[in-house]
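S.K.: only geometry, no sequence info:
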RNA sequence: GGCGGCAUAGCCAAGUGGUAAGGCACGGGUCUGCAAAACCCUUAUCCCCCGGUUCGAAUCCGGGUGCCGCCUCCA
């Protein structure tokens, strides 16, 4: 059977065969964070989900151009600036750095281009100007608004009619819109606020326009994939479509991908509830590999619940894969009983079958949950091989390569460095000596002692093996 | 009110017409000086409820219940 990538397109609400504009190339844009604070795991989910999309596309051989923005000027930044007495630029700079660190810890690759709103100002102003010229936007009291009713496709992404949307729309005080659904393209600066010169006076861009301008600037009028959190579909993405398609008379993006929400202990994560989990803090408590594994154990479009209990479960679960991987490595390092044979047909088929299944699952709208289950099946096979007295070095190596290859697509690592200090090495040696003397009481007490230090010893026919305990057990 | 999502074993989670993946936890066995790891076996006659379509439905249709999201620049 042929293998075809299918993606769920929010625009059509269907899984569609993925066909890029240009053979072998993919242009994708992912809405990035407003950099006024540390990111929370709700920000981390799209970063991870679409990083995996990118990794998988690259795995399939596509040349991916990945653009993700930083909103470095908006109301929240201005408010933060007032509260902290720091400039908008300083705050943005600091949290862009923090974002890169946090997301980097989660093994999210940097975008090819990370444009900032403040560095795209010329293009933004130009974009608005053209919309005004075309009659899709109007200046009013120093602000510029998009004339929603002039774009006939308005509502096509969120599948709402203009009439329905109007019910919830309202005009804020001070705004002079022709229609409640019109949205801001340019906002006049209040005294003391950060501002740029424009044909409509000093001000700053509205939120939605930066993405339209950046997509146009870096990727073109039509791109392959536009992605972001589910909540962005309305109004943000809807407005982006309105802006870009009004100006270009071309489809903005062929595929719209939206990830599901994150919940904390089954509640919405929000500041008012006070349950916002910052990535910054979380990566101190859990191995980022585990966090990434956990997030991808659920399909990206489904909601995912976060709790300590669930994270610890994921840790436990992840440990099975990691143990297998490290046991493979251990066996290769210490064993003298390995055969230098070629791979049997049976195992060649087994390995390629695992890989094929992984690809099929990923082809089905990036079904990482199922892809991970293939990893567990691979672990089972590898464990059986490990149990054999005489295994092939080549086979073990192939299993390691398989794990590296597939976990590389999902963006986590199974390899675990266990650095032993002198004291621990001595204890291990002492225990080995005790075992030789058949002084099991002493040997066991040393083993217990090491366990308290987080080192678990395992005696195997090929010699002693050790690993770090899952943090789970002892932590109070 | 409009639009949408979810409900599968103790827990997590796939599966969207062909007779319930995978993981954690639990129990039994093998291995081990004892463990650990691993392997083998066992664990949902059933997928929120009620009807319907079908040779056949967790999967499609209708109705109901519960939880949740968007429609308020929040990923």
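M.R.: Arrived safely. For clarity, every value in this text was computed on a predicted model and none was experimentally measured.

S.K.: where do the strands of the stretch 201-350 of chain A begin and end?
M.R.: Under the criterion DSSP state E, counting those that start in this stretch, strands of the stretch 201-350 of chain A are mapped to A:203-205, A:223-229, A:253-259, A:262-264, A:267-268, A:304-306.

S.K.: next, count neighbours for residue A:283.
M.R.: Burial of residue A:283 is recorded as 17 neighbouring residues (other Cβ atoms under 10 Å). Quick note: C-beta positions are derived from backbone N, CA and C, even for glycine.

S.K.: what residues does it make contact with?
M.R.: Neighbouring residues of residue A:283 by Cβ atoms under 8 Å, 6 or more residues apart in numbering: A:102, A:105, A:106, A:291.

S.K.: export the residues you listed to JSON lines and tack on pLDDT?
M.R.: Putting these into JSON lines (pLDDT from 0 to 100) gives the following:
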{"residue": "A:102", "pLDDT": "95"}
{"residue": "A:105", "pLDDT": "96"}
{"residue": "A:106", "pLDDT": "96"}
{"residue": "A:291", "pLDDT": "95"}
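
S.K.: right, and the strands of the stretch 201-350 of chain A - which one's nearest residue A:375?
M.R.: Proximity to residue A:375 (Cβ to Cβ) singles out strand A:304-306 among the strands of the stretch 201-350 of chain A, at 18.7 Å.

S.K.: so what's the residue of the stretch 201-350 of chain A found nearest RNA strand B closest to, chain neighbours aside?
M.R.: Closest approach of the stretch 201-350 of chain A to RNA strand B (Cβ to the nearest atom of the strand) occurs at residue A:229, with a separation of 1.6 Å. Leaving aside its sequence neighbours, residue A:229 sits nearest to residue A:46 (Cβ to Cβ, 6 or more residues apart in numbering; 5.3 Å).

S.K.: ok, the one you found to RNA strand B distance?
M.R.: Going from residue A:46 to RNA strand B by Cβ to the nearest atom of the strand, to the nearest Å gives 5 Å.

S.K.: surely that residue is in a helix?
M.R.: Yes. Under DSSP: H, G, I helix; E, B strand; the rest coil, residue A:46 sits within a helix.

S.K.: next up, the contacts around it.
M.R.: A:30, A:31, A:227, A:228, A:229, A:259.

S.K.: can you pick the most crowded of the residues you listed?
M.R.: Neighbour max across the contacts of residue A:46 (other Cβ under 10 Å) = residue A:259, 27 neighbours.

S.K.: what's across from that one in the sheet?
M.R.: residue A:229 (DSSP bridges).

S.K.: hang on, isn't it packed against residue A:231?
M.R.: No. Judged on Cβ atoms under 8 Å, residue A:259 makes no contact with residue A:231 at a distance of 9.8 Å.

S.K.: pLDDT score for the residue of the stretch 201-350 of chain A closest to RNA strand B?
M.R.: pLDDT for residue A:229: 91.

S.K.: what residues of stretch A:108-126 count as buried?
M.R.: A:108, A:111, A:114, A:115, A:116, A:117, A:118, A:120, A:121, A:123, A:124, A:125 (16 or more other Cβ atoms under 10 Å).

S.K.: residue A:171: which of those is nearest?
M.R.: Using Cβ to Cβ, the buried residues of stretch A:108-126 come closest to residue A:171 at residue A:124, 23.4 Å.

S.K.: where does chain A dip in pLDDT?
M.R.: A:1-3, A:167-170, A:173-174, A:335-340, A:471-476 (pLDDT under 70).
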